Structure formats: C-alpha cells, structure tokens
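Undergrad: give me a 3D structure for the following:
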Amino acid sequence: MVIYKDYPIIKDDEFLNKYFDKCISDNGCKLVEHIKKNKDGYIRVGYKHQNLMLHRTVLSMTSGEDHPDLRCSHKCGLYRTDKKDMRNCIEPTHLKWQNNSDDNKDKFEKWNTSITTN
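TA: Presented below is the predicted three-dimensional model:
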C-alpha cells in the first residue's frame with residue numbers, strides 16, 4: 001500500500017477554483033482536461049514546491065480531512081450512465097477515503113458489473 005504522508009490539508013480557494021473553473025462537466029463528473037494526465041490517468045499538480053495528486057488534494061481541501069493511510073477513491077461509476085470511474089474527475093461528491101482492501105473490492109465489483117451488463 002502507498003502511504004501519502006506528504007499531502008497536507010490545504011485551505012486555498014484560489015488554488016481550488018483554478019481547476020474547477022476550467023473543468024468539463026460530463027455525466028456529473030468535473031473532468032480536468034486542460035492538464036496532461038500521468039501514465040495512470042491521474043492529474044498531478046504543483047503547489048508550493050510539492051507535486052500533488054489533484055483528486056486527493058481536492059478531497060482534502062473540501063472535506064477538511066487528510067488520511068495518509070487511505071486511498072482517495074473515485075466513485076464516479078455510481079453516478080455515470082456508462083458506470084466508469086474517471087481518474088481525472090475532481091467532483092468532491094465522487095471522491096471518498098477508502099482503505100486498500102475496500103478500494104480493490106469496489107474496483108472488482110464495478111468491473112464485474114460492466115462486463116455482465118454489456
């Protein structure tokens with residue numbers, strides 16, 4: 001499991017709005033398309049000399065919590081008609097803190113459901 005110990009809780013509306021203002025809305029998701037995704041499909045951004053995962057930073061900022069021992073998981077598939085989790089989504093209601101086991105279980109269930117319904 002990856003431990004994210006370098007992700008401080010940031011209270012910076014200007015930083016947050018810089019990304020939300022340019023998002024594309026799609027099936028309830030707020031997708032960041034104006035920044036290149038990393039090889040895994042996630043968005044990384046710089047903040048005060050730190051390289052941060054944007055979805056994790058957004059969840060910390062909007063919830064006021066940071067959980068270095070948990071993953072920031074997408075639950076977009078619950079809201080989208082295509083049932084896909086979008087790794088470049090920063091809609092706070094589509095993000096949640098989860099342990100490794102529960103995250104993997106959710107991924108398996110979503111993957112299994114998408115195969116059986118297609």
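
Undergrad: and stretch 33-50, how far apart are its ends?
TA: This stretch, stretch 33-50, spans 21 Å end to end (Cα to Cα, to the nearest Å).

Undergrad: quick check: mean pLDDT across it?
TA: For stretch 33-50, mean pLDDT is 90.

Undergrad: can you give me the strands in this protein?
TA: 24-26, 29-31, 44-47, 50-53, 71-74, 95-98 (DSSP state E).

Undergrad: in the fourth one, what's buried?
TA: Same thing as strand 50-53. The neighbour-count check on strand 50-53 (16 or more other Cβ atoms under 10 Å) flags Leu52, Met53 as buried. Where you see a C-beta, it was placed from the backbone N, CA and C, and this is true even at glycine.

Undergrad: partners of it in the sheet?
TA: If you go by DSSP bridges, strand 50-53 pairs up with strand 44-47 (antiparallel).

Undergrad: how much distance is there from the strand it pairs with to the middle of the chain?
TA: 14 Å (Cα atoms, centre = their mean, to the nearest Å).

Undergrad: any chance you could list what contacts it?
TA: Ile10, Asp12, Phe15, Tyr19, Ile35, Asn38, Asn51, Leu52, Met53, Leu54, Thr57 (Cβ atoms under 8 Å, 6 or more residues apart in numbering).

Undergrad: can we see that at 7 Å?
TA: Ile10, Phe15, Asn38, Asn51, Leu52, Met53, Leu54 (Cβ atoms under 7 Å, 6 or more residues apart in numbering).

Undergrad: can you redo those as TSV with distance to Lys30?
TA: Listed next are the contacts of strand 44-47 as TSV, based on distance: Cβ to Cβ, whole Å:
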residue	distance to Lys30
Ile10	18
Phe15	15
Asn38	18
Asn51	21
Leu52	17
Met53	15
Leu54	11
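
Undergrad: related to what we said a few turns ago, highest average neighbour count across the strands of the chain?
TA: A comparison of the strands of the chain by mean neighbour count, using mean count of other Cβ atoms under 10 Å, puts strand 71-74 on top with a mean of 22.

Undergrad: just the CA atoms of that strand, as CSV, please.
TA: What follows is strand 71-74, C-alpha atoms only, in CSV (Å, rounded to 0.1, in the frame of the first residue of the first chain):
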residue,chain,number,x,y,z
ARG,A,71,-6.6,5.9,-0.8
CYS,A,72,-8.6,8.7,-2.4
SER,A,73,-11.0,6.6,-4.5
HIS,A,74,-13.3,7.6,-7.3
